[in-house]
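[1] Fold the stuff below for me.
(one chain, ligands or ions: 2)
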Amino acid sequence: MTHEETPEYNRNNPFMATLVTRYPLTKPYSHKITQHMELDLRGSGFTYKTGDSIGIYAVNDPALVMRLLQRLQATGDEEVITKKGETLPFSEWLSSRANINRCSKKMVSLLHERQSKAAPKASLERLLAPEGQAELKEFLDAREVWDLLEEYPEVAIEPQELCDLVGPLLPRFYSIASSAVVHPEQVHLTVALTQYVTNGHVRCGVCSHYLCHLAPLNMPVVPVYLQPSKDFTLPADHTAPLIMVGPGTGVAPYRGFMQERISVGATGANWLFFGDWNRASDFFYEDYWNHLAAEGRLRLSLAFSRDQAEKVYVQHRLLENAAEVYRWLEEGAYFYVCGDAENMAKGVDQALHMIVAEQSGQGADAAKAYIKALRESGRYLRDVY
Ligand SMILES: Cc1cc2nc3c(=O)[nH]c(=O)nc-3n(C[C@H](O)[C@H](O)[C@H](O)COP(=O)(O)OP(=O)(O)OC[C@H]3O[C@@H](n4cnc5c(N)ncnc54)[C@H](O)[C@@H]3O)c2cc1C
Ligand SMILES: NC(=O)c1ccc[n+]([C@@H]2O[C@H](COP(=O)([O-])OP(=O)(O)OC[C@H]3O[C@@H](n4cnc5c(N)ncnc54)[C@H](OP(=O)(O)O)[C@@H]3O)[C@@H](O)[C@H]2O)c1
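    Ligands and ions are numbered 1, 2, ... in the order given. Below is the predicted model of the structure:
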(Lines give C-alpha, C1' and ligand atoms only; values in the text may rest on other atoms or scores of the structure.)
(Ligands and ions follow the chains in the order given, each with its own letter.)
Protein backbone atom coordinates (compact mmCIF):
# COMPACT_ATOMS: atom_id res chain seq x y z
CA MET A 1 0.00 0.00 0.00
CA THR A 2 1.45 3.43 -0.88
CA HIS A 3 1.51 6.26 1.63
CA GLU A 4 -1.44 7.95 -0.10
CA GLU A 5 -3.51 4.79 0.26
CA THR A 6 -2.89 4.36 4.00
CA PRO A 7 -6.27 4.82 5.63
CA GLU A 8 -6.53 7.38 8.37
CA TYR A 9 -7.02 5.64 11.69
CA ASN A 10 -8.90 7.51 14.38
CA ARG A 11 -11.59 7.13 17.05
CA ASN A 12 -14.17 6.14 14.42
CA ASN A 13 -11.79 3.93 12.49
CA PRO A 14 -9.39 2.37 15.01
CA PHE A 15 -6.20 0.62 13.99
CA MET A 16 -5.87 -3.07 14.92
CA ALA A 17 -2.68 -3.11 16.98
CA THR A 18 -0.79 -6.24 17.99
CA LEU A 19 0.06 -6.85 21.63
CA VAL A 20 3.61 -8.18 21.45
CA THR A 21 4.77 -8.07 25.07
CA ARG A 22 3.04 -8.17 28.43
CA TYR A 23 4.59 -8.73 31.85
CA PRO A 24 3.80 -7.79 35.44
CA LEU A 25 5.43 -4.78 37.06
CA THR A 26 4.06 -5.75 40.44
CA LYS A 27 5.41 -8.82 42.25
CA PRO A 28 3.16 -11.88 42.68
CA TYR A 29 2.78 -11.08 46.39
CA SER A 30 1.61 -7.51 45.70
CA HIS A 31 -1.93 -6.48 46.60
CA LYS A 32 -2.37 -4.99 43.13
CA ILE A 33 -1.70 -5.99 39.56
CA THR A 34 0.00 -3.54 37.22
CA GLN A 35 1.45 -4.67 33.93
CA HIS A 36 3.81 -3.38 31.29
CA MET A 37 2.68 -3.96 27.71
CA GLU A 38 3.94 -3.20 24.24
CA LEU A 39 1.70 -2.70 21.22
CA ASP A 40 3.01 -2.94 17.68
CA LEU A 41 1.61 -0.10 15.56
CA ARG A 42 3.25 -0.94 12.23
CA GLY A 43 0.97 0.17 9.41
CA SER A 44 -1.01 2.61 11.53
CA GLY A 45 0.73 5.74 10.32
CA PHE A 46 0.59 7.05 13.92
CA THR A 47 3.39 9.39 14.92
CA TYR A 48 3.21 10.04 18.62
CA LYS A 49 5.02 12.40 20.93
CA THR A 50 5.89 11.96 24.58
CA GLY A 51 2.89 12.61 26.82
CA ASP A 52 0.31 11.40 24.28
CA SER A 53 -2.17 8.68 25.20
CA ILE A 54 -3.63 5.81 23.28
CA GLY A 55 -7.38 5.18 23.13
CA ILE A 56 -8.35 1.50 23.32
CA TYR A 57 -11.64 -0.24 22.59
CA ALA A 58 -11.90 -3.25 24.87
CA VAL A 59 -13.83 -6.46 24.41
CA ASN A 60 -16.08 -7.62 27.24
CA ASP A 61 -15.21 -10.77 29.16
CA PRO A 62 -16.63 -13.75 27.17
CA ALA A 63 -17.71 -15.36 30.47
CA LEU A 64 -19.99 -12.39 31.21
CA VAL A 65 -21.30 -12.35 27.63
CA MET A 66 -22.10 -16.05 27.98
CA ARG A 67 -24.00 -15.47 31.25
CA LEU A 68 -26.11 -12.81 29.57
CA LEU A 69 -26.85 -15.06 26.59
CA GLN A 70 -27.87 -17.84 28.95
CA ARG A 71 -30.01 -15.52 31.04
CA LEU A 72 -31.85 -14.24 27.95
CA GLN A 73 -32.00 -17.78 26.51
CA ALA A 74 -30.45 -16.34 23.36
CA THR A 75 -28.04 -18.00 20.93
CA GLY A 76 -26.15 -14.81 20.12
CA ASP A 77 -27.07 -15.05 16.43
CA GLU A 78 -30.16 -12.86 16.87
CA GLU A 79 -29.85 -9.55 15.05
CA VAL A 80 -30.00 -6.33 17.00
CA ILE A 81 -30.09 -2.75 15.75
CA THR A 82 -27.82 -0.45 17.73
CA LYS A 83 -28.69 3.12 18.71
CA LYS A 84 -26.49 4.19 15.79
CA GLY A 85 -28.67 2.16 13.41
CA GLU A 86 -26.13 -0.62 12.80
CA THR A 87 -27.41 -4.20 12.50
CA LEU A 88 -25.23 -6.70 14.38
CA PRO A 89 -25.43 -10.23 15.77
CA PHE A 90 -26.44 -9.99 19.44
CA SER A 91 -23.23 -11.72 20.61
CA GLU A 92 -21.02 -9.25 18.72
CA TRP A 93 -22.92 -6.32 20.17
CA LEU A 94 -22.57 -7.79 23.68
CA SER A 95 -18.85 -8.45 23.23
CA SER A 96 -17.61 -5.26 21.71
CA ARG A 97 -20.26 -2.56 21.78
CA ALA A 98 -22.21 -2.76 25.02
CA ASN A 99 -21.35 -1.30 28.40
CA ILE A 100 -22.58 -4.38 30.24
CA ASN A 101 -20.84 -3.34 33.46
CA ARG A 102 -23.24 -0.49 34.14
CA CYS A 103 -26.89 -0.87 35.20
CA SER A 104 -29.48 1.87 34.81
CA LYS A 105 -32.76 2.97 36.31
CA LYS A 106 -34.48 2.08 33.02
CA MET A 107 -33.46 -1.56 33.52
CA VAL A 108 -34.95 -1.53 37.01
CA SER A 109 -38.16 0.03 35.58
CA LEU A 110 -38.44 -2.73 32.98
CA LEU A 111 -37.89 -5.45 35.58
CA HIS A 112 -40.52 -3.81 37.78
CA GLU A 113 -43.02 -3.43 34.94
CA ARG A 114 -42.74 -7.08 33.91
CA GLN A 115 -42.47 -8.53 37.40
CA SER A 116 -45.44 -10.71 38.30
CA LYS A 117 -44.33 -11.81 41.78
CA ALA A 118 -45.50 -9.54 44.56
CA ALA A 119 -42.40 -9.43 46.79
CA PRO A 120 -39.75 -8.55 44.14
CA LYS A 121 -42.19 -6.14 42.50
CA ALA A 122 -42.58 -4.29 45.81
CA SER A 123 -38.83 -4.09 46.40
CA LEU A 124 -38.25 -2.79 42.85
CA GLU A 125 -41.02 -0.29 43.36
CA ARG A 126 -39.34 0.98 46.53
CA LEU A 127 -36.12 1.55 44.58
CA LEU A 128 -37.99 3.51 41.91
CA ALA A 129 -39.86 5.74 44.36
CA PRO A 130 -38.60 9.34 44.73
CA GLU A 131 -37.45 8.60 48.31
CA GLY A 132 -35.55 5.52 47.08
CA GLN A 133 -32.96 7.54 45.12
CA ALA A 134 -29.98 6.87 47.38
CA GLU A 135 -30.86 3.19 47.72
CA LEU A 136 -31.30 2.92 43.94
CA LYS A 137 -27.86 4.40 43.31
CA GLU A 138 -26.27 1.97 45.76
CA PHE A 139 -28.20 -0.91 44.16
CA LEU A 140 -27.13 0.04 40.61
CA ASP A 141 -23.50 0.70 41.59
CA ALA A 142 -23.24 -2.76 43.17
CA ARG A 143 -24.40 -4.68 40.10
CA GLU A 144 -23.40 -5.45 36.55
CA VAL A 145 -26.09 -6.18 33.95
CA TRP A 146 -25.68 -9.96 34.17
CA ASP A 147 -26.21 -10.23 37.92
CA LEU A 148 -29.03 -7.68 37.91
CA LEU A 149 -30.91 -9.75 35.33
CA GLU A 150 -30.07 -13.04 37.06
CA GLU A 151 -31.66 -11.72 40.25
CA TYR A 152 -35.01 -11.58 38.42
CA PRO A 153 -34.92 -14.76 36.29
CA GLU A 154 -38.69 -14.79 35.83
CA VAL A 155 -38.66 -11.58 33.71
CA ALA A 156 -38.34 -12.26 29.98
CA ILE A 157 -36.23 -9.79 27.99
CA GLU A 158 -35.56 -9.82 24.25
CA PRO A 159 -32.08 -9.13 22.84
CA GLN A 160 -33.28 -5.95 21.12
CA GLU A 161 -34.80 -4.71 24.39
CA LEU A 162 -31.45 -5.12 26.12
CA CYS A 163 -29.72 -3.38 23.24
CA ASP A 164 -32.08 -0.41 23.67
CA LEU A 165 -31.34 -0.23 27.40
CA VAL A 166 -27.56 -0.60 27.55
CA GLY A 167 -25.15 2.26 26.84
CA PRO A 168 -22.21 2.05 24.43
CA LEU A 169 -18.82 0.64 25.42
CA LEU A 170 -16.52 3.67 25.35
CA PRO A 171 -12.77 3.65 24.72
CA ARG A 172 -10.32 3.95 27.65
CA PHE A 173 -7.09 5.95 27.57
CA TYR A 174 -3.59 4.90 28.57
CA SER A 175 -0.54 7.18 28.79
CA ILE A 176 2.19 6.16 26.39
CA ALA A 177 5.20 4.94 28.37
CA SER A 178 7.71 5.02 25.51
CA SER A 179 9.34 7.55 23.20
CA ALA A 180 8.74 7.46 19.45
CA VAL A 181 12.37 8.44 18.98
CA VAL A 182 13.38 5.11 20.51
CA HIS A 183 10.31 3.00 19.59
CA PRO A 184 8.78 4.57 16.47
CA GLU A 185 6.56 1.60 15.69
CA GLN A 186 5.44 0.65 19.17
CA VAL A 187 3.72 2.15 22.16
CA HIS A 188 4.46 0.90 25.65
CA LEU A 189 1.81 1.10 28.35
CA THR A 190 1.62 0.78 32.14
CA VAL A 191 -1.77 -0.68 32.96
CA ALA A 192 -3.21 -1.12 36.46
CA LEU A 193 -5.91 -3.76 36.75
CA THR A 194 -9.08 -2.25 38.24
CA GLN A 195 -10.49 -4.84 40.65
CA TYR A 196 -13.09 -4.65 43.39
CA VAL A 197 -15.88 -6.64 45.01
CA THR A 198 -19.56 -5.67 44.88
CA ASN A 199 -22.68 -7.71 45.55
CA GLY A 200 -20.44 -10.64 46.49
CA HIS A 201 -18.69 -10.80 43.10
CA VAL A 202 -15.09 -9.96 42.18
CA ARG A 203 -15.34 -7.38 39.41
CA CYS A 204 -12.72 -6.24 36.95
CA GLY A 205 -12.62 -3.01 34.99
CA VAL A 206 -13.52 -3.73 31.36
CA CYS A 207 -10.44 -2.46 29.57
CA SER A 208 -7.76 -3.16 32.18
CA HIS A 209 -9.10 -6.75 32.43
CA TYR A 210 -9.08 -7.03 28.65
CA LEU A 211 -5.50 -5.76 28.38
CA CYS A 212 -4.10 -7.64 31.39
CA HIS A 213 -5.91 -10.96 30.89
CA LEU A 214 -7.93 -11.34 27.72
CA ALA A 215 -6.18 -9.69 24.77
CA PRO A 216 -4.21 -12.35 22.86
CA LEU A 217 -0.52 -11.86 22.13
CA ASN A 218 0.80 -11.55 18.58
CA MET A 219 -2.55 -11.05 16.87
CA PRO A 220 -3.64 -7.77 15.23
CA VAL A 221 -6.89 -7.45 17.17
CA VAL A 222 -6.56 -4.56 19.67
CA PRO A 223 -8.51 -1.55 18.33
CA VAL A 224 -6.58 1.63 19.12
CA TYR A 225 -6.24 5.26 18.11
CA LEU A 226 -3.92 8.06 19.07
CA GLN A 227 -5.10 10.66 21.59
CA PRO A 228 -2.57 13.47 21.37
CA SER A 229 -1.89 15.60 24.42
CA LYS A 230 -2.13 19.34 23.91
CA ASP A 231 0.74 20.46 26.08
CA PHE A 232 1.79 17.59 28.38
CA THR A 233 5.02 16.81 26.56
CA LEU A 234 8.75 17.43 26.78
CA PRO A 235 9.95 21.02 26.44
CA ALA A 236 11.68 21.92 23.18
CA ASP A 237 14.55 23.26 25.28
CA HIS A 238 16.76 20.26 26.04
CA THR A 239 18.60 22.13 28.78
CA ALA A 240 15.45 22.75 30.86
CA PRO A 241 15.29 20.81 34.14
CA LEU A 242 12.27 18.55 34.69
CA ILE A 243 10.44 17.73 37.92
CA MET A 244 8.19 14.74 37.21
CA VAL A 245 5.58 13.70 39.78
CA GLY A 246 3.84 10.42 39.02
CA PRO A 247 2.84 7.87 41.65
CA GLY A 248 1.23 4.62 40.51
CA THR A 249 0.49 4.46 36.80
CA GLY A 250 1.17 8.20 36.73
CA VAL A 251 4.81 7.25 36.18
CA ALA A 252 4.07 5.95 32.66
CA PRO A 253 4.78 9.06 30.56
CA TYR A 254 8.07 9.72 32.36
CA ARG A 255 9.52 6.47 31.06
CA GLY A 256 8.94 7.92 27.59
CA PHE A 257 10.30 11.30 28.68
CA MET A 258 13.55 9.74 29.93
CA GLN A 259 13.98 7.49 26.89
CA GLU A 260 13.72 10.56 24.69
CA ARG A 261 15.87 12.88 26.85
CA ILE A 262 18.66 10.33 26.77
CA SER A 263 18.25 9.52 23.10
CA VAL A 264 18.45 13.15 21.97
CA GLY A 265 21.26 13.96 24.43
CA ALA A 266 19.23 16.45 26.47
CA THR A 267 21.42 18.00 29.14
CA GLY A 268 18.71 19.30 31.50
CA ALA A 269 18.51 17.70 34.93
CA ASN A 270 15.67 15.25 35.68
CA TRP A 271 13.95 14.59 39.01
CA LEU A 272 11.30 11.89 39.43
CA PHE A 273 8.89 11.61 42.36
CA PHE A 274 7.34 8.14 42.31
CA GLY A 275 5.48 6.05 44.84
CA ASP A 276 3.01 3.26 45.30
CA TRP A 277 2.00 0.91 48.08
CA ASN A 278 5.14 -1.14 48.90
CA ARG A 279 8.69 -0.84 47.70
CA ALA A 280 9.30 -4.59 47.59
CA SER A 281 6.29 -5.34 45.38
CA ASP A 282 5.18 -2.14 43.61
CA PHE A 283 8.31 -0.33 42.42
CA PHE A 284 7.46 -0.19 38.69
CA TYR A 285 10.48 -0.09 36.35
CA GLU A 286 12.76 -0.21 39.39
CA ASP A 287 15.83 -1.32 37.45
CA TYR A 288 15.42 1.40 34.83
CA TRP A 289 15.09 4.24 37.35
CA ASN A 290 17.90 2.91 39.53
CA HIS A 291 20.14 2.56 36.49
CA LEU A 292 19.46 6.15 35.42
CA ALA A 293 20.02 7.36 38.97
CA ALA A 294 23.32 5.44 39.21
CA GLU A 295 24.44 7.05 35.95
CA GLY A 296 23.65 10.46 37.39
CA ARG A 297 20.93 11.12 34.80
CA LEU A 298 18.02 11.08 37.22
CA ARG A 299 17.33 12.17 40.75
CA LEU A 300 14.84 9.83 42.37
CA SER A 301 12.55 10.56 45.33
CA LEU A 302 10.36 7.66 46.44
CA ALA A 303 7.25 7.52 48.58
CA PHE A 304 5.92 4.05 49.36
CA SER A 305 2.71 4.73 51.18
CA ARG A 306 2.24 1.43 52.99
CA ASP A 307 5.77 0.55 54.07
CA GLN A 308 5.21 2.25 57.44
CA ALA A 309 2.34 3.01 59.77
CA GLU A 310 1.94 6.60 58.57
CA LYS A 311 1.12 7.24 54.89
CA VAL A 312 3.97 8.75 52.92
CA TYR A 313 3.02 10.34 49.60
CA VAL A 314 4.92 12.08 46.81
CA GLN A 315 3.85 15.49 48.14
CA HIS A 316 5.59 14.70 51.44
CA ARG A 317 8.81 14.09 49.49
CA LEU A 318 8.31 17.39 47.64
CA LEU A 319 7.88 19.21 50.96
CA GLU A 320 10.98 17.55 52.44
CA ASN A 321 12.93 18.86 49.47
CA ALA A 322 11.23 22.26 49.41
CA ALA A 323 14.37 24.41 49.09
CA GLU A 324 15.68 22.43 46.15
CA VAL A 325 12.36 22.11 44.41
CA TYR A 326 12.03 25.90 44.60
CA ARG A 327 15.61 26.37 43.35
CA TRP A 328 14.87 24.10 40.37
CA LEU A 329 11.72 26.13 39.58
CA GLU A 330 13.73 29.34 39.79
CA GLU A 331 16.21 27.78 37.37
CA GLY A 332 13.42 27.21 34.84
CA ALA A 333 12.28 23.67 35.69
CA TYR A 334 9.10 22.27 34.15
CA PHE A 335 6.81 20.74 36.78
CA TYR A 336 4.77 17.72 35.60
CA VAL A 337 2.05 15.83 37.46
CA CYS A 338 0.46 12.62 36.15
CA GLY A 339 -1.93 10.08 37.70
CA ASP A 340 -4.89 10.25 40.06
CA ALA A 341 -6.86 13.48 39.74
CA GLU A 342 -9.16 12.96 42.70
CA ASN A 343 -6.66 13.06 45.56
CA MET A 344 -3.02 12.98 44.50
CA ALA A 345 -3.01 15.91 42.07
CA LYS A 346 -4.76 18.09 44.65
CA GLY A 347 -2.26 17.14 47.35
CA VAL A 348 0.66 17.87 45.06
CA ASP A 349 -0.82 21.22 44.04
CA GLN A 350 -1.22 22.19 47.69
CA ALA A 351 2.36 21.15 48.42
CA LEU A 352 3.62 23.20 45.48
CA HIS A 353 1.80 26.26 46.80
CA MET A 354 3.29 25.71 50.27
CA ILE A 355 6.77 25.29 48.87
CA VAL A 356 6.65 28.48 46.83
CA ALA A 357 5.00 30.48 49.64
CA GLU A 358 7.63 29.46 52.18
CA GLN A 359 10.74 29.36 50.05
CA SER A 360 10.07 32.66 48.32
CA GLY A 361 9.27 34.21 51.68
CA GLN A 362 6.43 36.07 49.95
CA GLY A 363 3.42 34.21 51.38
CA ALA A 364 0.35 32.50 49.98
CA ASP A 365 -0.96 35.17 47.58
CA ALA A 366 2.40 35.59 45.89
CA ALA A 367 2.69 31.79 45.61
CA LYS A 368 -0.69 31.66 43.90
CA ALA A 369 0.43 34.25 41.36
CA TYR A 370 3.80 32.48 40.88
CA ILE A 371 2.10 29.14 40.15
CA LYS A 372 -0.49 30.76 37.90
CA ALA A 373 2.37 32.25 35.91
CA LEU A 374 4.09 28.84 35.81
CA ARG A 375 0.90 27.33 34.41
CA GLU A 376 0.39 30.11 31.88
CA SER A 377 3.95 29.81 30.62
CA GLY A 378 3.44 26.05 30.11
CA ARG A 379 5.81 25.01 32.89
CA TYR A 380 3.22 23.48 35.24
CA LEU A 381 1.67 20.63 33.26
CA ARG A 382 -0.78 18.00 34.41
CA ASP A 383 -2.21 14.83 32.90
CA VAL A 384 -4.55 13.61 35.60
CA TYR A 385 -7.44 11.17 35.47
C1 LIG B 1 -5.64 10.62 29.83
C2 LIG B 1 -5.74 9.34 30.63
C3 LIG B 1 -4.61 8.57 30.78
C4 LIG B 1 -4.69 7.37 31.51
N5 LIG B 1 -3.56 6.62 31.66
C6 LIG B 1 -3.62 5.45 32.32
C7 LIG B 1 -2.45 4.65 32.44
O8 LIG B 1 -1.37 4.99 31.96
N9 LIG B 1 -2.58 3.46 33.10
C10 LIG B 1 -3.77 3.06 33.67
O11 LIG B 1 -3.81 1.97 34.24
N12 LIG B 1 -4.87 3.82 33.56
C13 LIG B 1 -4.83 4.98 32.90
N14 LIG B 1 -5.96 5.74 32.77
C15 LIG B 1 -7.23 5.20 33.33
C16 LIG B 1 -7.86 4.27 32.27
O17 LIG B 1 -8.27 5.02 31.15
C18 LIG B 1 -9.09 3.53 32.77
O19 LIG B 1 -9.97 4.47 33.34
C20 LIG B 1 -8.76 2.46 33.79
O21 LIG B 1 -7.90 1.48 33.22
C22 LIG B 1 -10.05 1.77 34.25
O23 LIG B 1 -10.72 1.30 33.10
P24 LIG B 1 -11.43 -0.12 33.08
O25 LIG B 1 -12.16 -0.22 31.79
O26 LIG B 1 -10.48 -1.19 33.44
O27 LIG B 1 -12.45 0.00 34.26
P28 LIG B 1 -14.00 0.35 34.13
O29 LIG B 1 -14.74 -0.77 33.56
O30 LIG B 1 -14.12 1.68 33.48
O31 LIG B 1 -14.33 0.42 35.64
C32 LIG B 1 -14.01 1.55 36.41
C33 LIG B 1 -15.25 1.80 37.21
O34 LIG B 1 -15.36 0.73 38.13
C35 LIG B 1 -16.00 1.17 39.27
N36 LIG B 1 -15.13 0.94 40.41
C37 LIG B 1 -13.80 1.04 40.46
N38 LIG B 1 -13.36 0.75 41.68
C39 LIG B 1 -14.46 0.46 42.41
C40 LIG B 1 -14.66 0.09 43.75
N41 LIG B 1 -13.64 -0.05 44.59
N42 LIG B 1 -15.91 -0.14 44.16
C43 LIG B 1 -16.96 0.00 43.33
N44 LIG B 1 -16.82 0.36 42.05
C45 LIG B 1 -15.58 0.59 41.61
C46 LIG B 1 -16.25 2.64 39.11
O47 LIG B 1 -17.57 2.80 38.64
C48 LIG B 1 -15.27 3.05 38.04
O49 LIG B 1 -15.70 4.16 37.32
C50 LIG B 1 -5.91 6.96 32.08
C51 LIG B 1 -7.05 7.75 31.91
C52 LIG B 1 -6.97 8.91 31.20
C53 LIG B 1 -8.22 9.74 31.03
N1 LIG C 1 -10.72 8.25 41.28
C2 LIG C 1 -10.24 7.45 42.22
O3 LIG C 1 -10.82 7.23 43.24
C4 LIG C 1 -8.93 6.81 41.95
C5 LIG C 1 -7.89 6.99 42.85
C6 LIG C 1 -6.69 6.38 42.59
C7 LIG C 1 -6.55 5.59 41.48
N8 LIG C 1 -7.60 5.44 40.65
C9 LIG C 1 -7.50 4.59 39.51
O10 LIG C 1 -6.99 3.35 39.95
C11 LIG C 1 -6.11 2.84 38.98
C12 LIG C 1 -4.82 2.42 39.61
O13 LIG C 1 -4.21 3.48 40.20
P14 LIG C 1 -2.65 3.48 40.32
O15 LIG C 1 -2.13 2.10 40.22
O16 LIG C 1 -2.13 4.50 39.40
O17 LIG C 1 -2.35 3.88 41.79
P18 LIG C 1 -3.04 4.84 42.80
O19 LIG C 1 -4.24 4.18 43.35
O20 LIG C 1 -3.15 6.19 42.21
O21 LIG C 1 -1.95 4.85 43.99
C22 LIG C 1 -0.60 5.26 43.81
C23 LIG C 1 -0.08 5.81 45.10
O24 LIG C 1 -0.72 7.06 45.37
C25 LIG C 1 -1.04 7.04 46.75
N26 LIG C 1 -2.08 8.01 47.10
C27 LIG C 1 -3.34 7.77 47.55
N28 LIG C 1 -3.93 8.93 47.90
C29 LIG C 1 -3.02 9.90 47.66
C30 LIG C 1 -3.03 11.29 47.86
N31 LIG C 1 -4.10 11.92 48.36
N32 LIG C 1 -1.95 11.99 47.53
C33 LIG C 1 -0.86 11.38 47.03
N34 LIG C 1 -0.77 10.05 46.84
C35 LIG C 1 -1.84 9.33 47.16
C36 LIG C 1 -1.42 5.62 47.03
O37 LIG C 1 -1.36 5.39 48.42
P38 LIG C 1 -2.48 4.62 49.29
O39 LIG C 1 -3.38 3.88 48.35
O40 LIG C 1 -1.69 3.73 50.17
O41 LIG C 1 -3.21 5.67 50.06
C42 LIG C 1 -0.32 4.90 46.29
O43 LIG C 1 0.84 4.84 47.07
C44 LIG C 1 -5.96 3.90 37.92
O45 LIG C 1 -6.75 3.51 36.83
C46 LIG C 1 -6.53 5.16 38.54
O47 LIG C 1 -7.20 5.96 37.59
C48 LIG C 1 -8.79 6.02 40.87
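[2] Kindly tell me how buried the residue nearest to Tyr380 when sequence neighbours are not counted is, as a neighbour count.
    Counting by Cβ to Cβ, 6 or more residues apart in numbering, the nearest residue to Tyr380 once its immediate chain neighbours are dropped is Leu374, at 4.1 Å. For every residue, glycine as well, the C-beta is placed using N, CA and C. Using other Cβ atoms under 10 Å, Leu374 has 18 other residues around it.
[3] domains for the protein, by residue range?
    According to the domain assignment given by automatic domain parsing, the chain is divided into the following structural domains: 3-57+172-227, 62-165, 242-384.
[4] need these in a markdown table with mean pLDDT, can you?
    Putting the domains of the chain into a markdown table (pLDDT from 0 to 100) gives the following:
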| stretch | mean pLDDT |
| --- | --- |
| domain 3-57+172-227 | 96 |
| domain 62-165 | 97 |
| domain 242-384 | 98 |
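[5] one step back: now the residue nearest to Tyr380: how far from ligand 2?
    In this structure, Leu374 and ligand 2 are 20 Å apart, going by Cβ to the nearest ligand atom, to the nearest Å.
[6] right, and that residue touches Leu381 too?
    No: here Leu374 lies out of contact with Leu381, judged by Cβ atoms under 8 Å, at a distance of 9.4 Å.
[7] Which neighbours do those two have in common?
    Common contact partners of Leu374 and Leu381 (Cβ atoms under 8 Å, 6 or more residues apart in numbering): Phe335.
[8] how long is stretch 323-340 from one end to the other?
    End-to-end distance for stretch 323-340, by Cα to Cα, to the nearest Å: 26 Å.
[9] One more: stretch 43-60?
    Using Cα to Cα, first and last residues of stretch 43-60 are 26 Å apart.
[10] One more: stretch 329-346?
    19 Å.
[11] Give me the contact status of that stretch with ligand 1.
    No: applying Cβ under 6 Å from any ligand atom, one finds stretch 329-346 separated from ligand 1 by no less than 7.9 Å.
[12] Identify the spatial nearest neighbour of Gly378, chain neighbours not counted.
    Nearest residue to Gly378 in three dimensions, chain neighbours excluded: Asp231, at 5.7 Å (Cβ to Cβ, 6+ apart).
[13] That neighbour reaches Leu381, doesn't it?
    Yes: under the criterion of Cβ under 8 Å, Asp231 lies in contact with Leu381, with a separation of 5.9 Å.
[14] How is Leu381 assigned, secondary-structure-wise?
    Each residue gets one of three states, and Leu381 gets strand by DSSP: H, G, I helix; E, B strand; the rest coil.
[15] That one touches Tyr336, doesn't it?
    Yes: taking Cβ under 8 Å as the contact criterion, Leu381 and Tyr336 are neighbours in contact, 5.2 Å apart.
[16] Now the nearest residue to Asp141 once chain neighbours are set aside: phi and psi?
    The spatially closest residue to Asp141, leaving aside those adjacent along the chain, is Thr198, at 7.0 Å (Cβ to Cβ, 6+ apart). Comment: the main-chain dihedrals of Thr198 come out as phi -140, psi 150, following degrees, to the nearest 10.
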